[in-house]
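Student: Got a sequence here, can you model it:
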Amino acid sequence: MILPGRNIALSLALLASAAAGGEGRKPPYVSGRTLLDGEAVDVVLASAQAPEAKALMVQEKEDVFGCCSGDVPRPSSSMMEEGECAELVPALIGEAPQYSTEQALAVLDDASAAWAGGSGEWTQMSLGRRARAIERFAEEFLPMRERVVETLMWEIGKNRPDAEAEFDRTLAFIGQVLAAVRDADADEYSGRWRLIGSTHAFVRRTAIGIILCLGPYNYPLNETYATLIPALLMGNIVVMKVPTVGGLVHMHAMEAFAKALPAGAIHFVSGTGRATMPPMMETGKIDGLAFIGGARAADDLISRHPSPHRLTVFLQLEGKNMGIFLEDLFGTDGPMPGHLLDHAIGQAVTGALSFNGQRCTALKLMFVPEGKGEEVARKIADQVEQLTVGLPWQTFGPDGAYSQITPLPNRKRIEYMQSLIEDATAKGARIVNANGGDVVGGGGSTLMNPAVLFPITPDMDLYHEEQFGPIVAVAEYGDLDTVLTYARDGWNGQQASIFTAAGGDGDAATLIDRFSSVFGRINLNAQCGRSPDSLPFSGRRSSAMGVMSITDALREFSVPTVIAYKENGIQNNVVRDIQKGSSFMEDM
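Tutor: Purely as a prediction, here's the structure:
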């Protein structure tokens, strides 16, 4: 824990002691795996067993180093002296298969054979049978919870409560999706006949084709499966690109998929995106793209498709979400303005720094009325200085609370944070909090103390770029037009948070009206967020294309198919007989 008034050497000594002592953890080791003929096998076994012509044979694999240290030597008393620090060196935690371009294309060929123009085994299953298969996947995956949690902690630095929450939320999401398609009142899935005039119509949503699914490193399980599971359930064949960072959790999941789904329903490709993704897209065999990541990479992938007009695209991209402190928070005649300001500060800190700010929904720029920025930045800094900084499994205090700030996944993220801080401070901003921006643990460490920066001005990179890390940026505005212009002219259209103490006669109503055509969600006196999953999660401009939620995701990866006939007594008997023999029309 980096404490106010303590030097970093002493704080690191405490951290190293915890890592090597009773709170220490041996790093997991996750073997590289691949799906071979529907079985999850180690890549070495796959190489030994597969014939030379079998393209799923993976001969190359790469070591995966986590964000956290393994056995850190217990510090001696001399380490307490100023300037003497132990190194926090990333530990070897697993291996990832490295598919060549040829192997990636062979995986796509297998997916195409499984799709078979819509006639493959998975797609031709009834919706009810696919639902039961997905349910079995959840049952097989549940016992792997601890393995997945440990992997999330070591690979991407997610603390234990957050890692557990990601796993649990993913399983809850699967249950909610299954409940949605089993809802007897959901006409899109229940398969009830409707009479419209003289036409009897049976409507049920079904597959698009082959879906290429790419998820992010920050929520490699939850956000990826929020698209992958609905796509599978609707009968699509999924090819999942395992992320370079955060990909080891999927090595665990492969076992559950292999036990629950028929061969060919899902495929995995691991390795560099450059060697695997563009060549697959260029074949034209991809029917849908589910992509969560950066807009530039998404644009490049989409442009590679020879017929982009027939590519179904679902994107969740960046967000430079604003936290807007309105003037009425600082008055004396509003409803408990002091209390609401303190609440706003708490939400700002949580919104900016949950999981080290590595969330697309994080608050990435605070707008504060002119003359109030110093006060707000200082209040934010006071709270930031009380945050515990440590390893994902480390606990503090009598109640055993886990580290609130943990290592970033790799040095590239640290270097980017440093470049943003250096640019801002060179142009007049200052670091408000003690030890802000300091990297704890030597040159190889990825553990960074959060930095509160003020004042942030339009000439600074941090005013425009998404930091996606532990930096709290505070800017001042002279009038509301500054905020409105920033929202109107920016590239981002995801979310905003408005902090206010006034009612309908204040600026909040004006902002809501103007923001309603700019952002997908407007939060009142609360941080930005995606939950609950039943709500639509959307965005405009370069933040999103498509809507994510329990029901919206099912629609994004399916199309309605209509079976219709005209009212006729003889026809009724014929249709009933047809329905009895049809998997597509089978009751749930």
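
Student: Leu340 reaches Phe499, doesn't it?
Tutor: Yes - contact between Leu340 and Phe499 holds when scored by Cβ atoms under 8 Å: they sit 7.4 Å apart. Quick note: C-beta positions are derived from backbone N, CA and C, even for glycine.

Student: check which helix or strand covers Arg576.
Tutor: For Arg576, the host element (DSSP states H and E) is helix 569-581.

Student: List the buried residues of that helix.
Tutor: Neighbour counts over helix 569-581 (16 or more other Cβ atoms under 10 Å) mark Val575, Gln579 as buried.

Student: Please could you give me each C-alpha atom of that helix, formatted as CSV?
Tutor: C-alpha atoms of helix 569-581 as CSV (Å, rounded to 0.1, in the frame of the first residue of the first chain):
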residue,chain,number,x,y,z
GLY,A,569,-58.8,-26.0,-42.8
ILE,A,570,-56.8,-28.5,-44.9
GLN,A,571,-53.7,-26.3,-44.6
ASN,A,572,-53.9,-26.3,-40.9
ASN,A,573,-53.6,-30.1,-40.7
VAL,A,574,-50.7,-30.1,-43.2
VAL,A,575,-48.8,-27.5,-41.2
ARG,A,576,-49.3,-29.3,-37.9
ASP,A,577,-47.7,-32.4,-39.5
ILE,A,578,-44.8,-30.4,-40.9
GLN,A,579,-44.2,-28.7,-37.5
LYS,A,580,-43.9,-32.1,-35.8
GLY,A,581,-41.0,-33.1,-38.1
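
Student: next SSE after the helix or strand bottoming out on mean pLDDT in the chain?
Tutor: Within the chain, no helix or strand scores below helix 8-20, which has a mean of 42 by mean pLDDT, DSSP states H and E. Counting by DSSP H and E, the next helix or strand C-terminal to helix 8-20 is strand 33-36.

Student: Sheet-wise, list the partners of that following strand with their directions.
Tutor: With DSSP bridges as the test, strand 33-36 is paired with strand 39-42 (antiparallel).

Student: what's the strand it pairs with in contact with?
Tutor: Residues outside strand 39-42 that contact it (Cβ atoms under 8 Å, 6 or more residues apart in numbering) are Ser31, Gly32, Arg33, Thr34, Leu35, Gln49, Met254, Glu255, Phe257, Ala258, Ala263.

Student: secondary structure element for the last one?
Tutor: Applying DSSP H and E as the criterion places Ala263 outside every helix and strand.

Student: so who does it touch?
Tutor: Asp37, Gly38, Glu39, Ala114.

Student: Find the pair from these with maximum spatial separation.
Tutor: For the contacts of Ala263, the farthest-apart pair by Cβ to Cβ is Glu39 and Ala114; their separation is 14.8 Å.

Student: contacting residues around Met448?
Tutor: Asn356, Ile405, Pro407, Leu408, Ile414, Met417, Gly437, Asp438, Val439, Val440, Gly469, Pro470.

Student: State the helix or strand in which the fourth one lies.
Tutor: What that stands for is Leu408. Assigning secondary structure by DSSP H and E places Leu408 outside every helix and strand.

Student: so what pLDDT did the closest residue to it other than its chain neighbours get?
Tutor: Nearest non-adjacent residue to Leu408, counting by Cβ to Cβ, 6 or more residues apart in numbering: Thr446, 4.5 Å away. Listed pLDDT for Thr446 reads 93.

Student: repeat for Phe468
Tutor: Looking at Phe468, its pLDDT reads 97.

Student: now swap in Ala163 and tell me
Tutor: 98.

Student: can you tell me the helix or strand for it?
Tutor: helix 160-182.

Student: any residues touching that helix, and which ones?
Tutor: Counting by Cβ under 8 Å, 6+ apart, residues outside helix 160-182 touching it are 127, 131, 134-135, 137-138, 141-142, 145, 148-149, 152-153, 158, 186, 189, 219, 221-222, 225-226, 229-230, 233, 354-355, 392-393, 402, 531, 533-534, 550-551, 553-554, 588.

Student: From Ile208, how far out is Val181?
Tutor: Distance, Val181 to Ile208, by Cβ to Cβ, to the nearest Å: 16 Å.

Student: can you check Ser126 too?
Tutor: Taken as Cβ to Cβ, the span from Ser126 to Ile208 is 18 Å.

Student: Could you do Asp37 as well?
Tutor: In this structure, Asp37 and Ile208 are 25 Å apart, going by Cβ to Cβ.

Student: Comparing the two, which residue is more hemmed in?
Tutor: Under the criterion of other Cβ atoms under 10 Å, the comparison of Asp37 against Ile208 puts Ile208 first, with 22 against 14.

Student: shaky segments in the stretch 51-200 of the chain?
Tutor: Counting by pLDDT under 70, the stretch 51-200 of the chain has low-confidence residues at 51-59, 70-87.

Student: any idea which residue sits dead centre in the chain?
Tutor: Tyr219 (3.6 Å; Cα atoms, centre = their mean).

Student: So that residue, which state does it fall into?
Tutor: Under DSSP: H, G, I helix; E, B strand; the rest coil, Tyr219 falls in the coil class.

Student: Many thanks, we can stop here.
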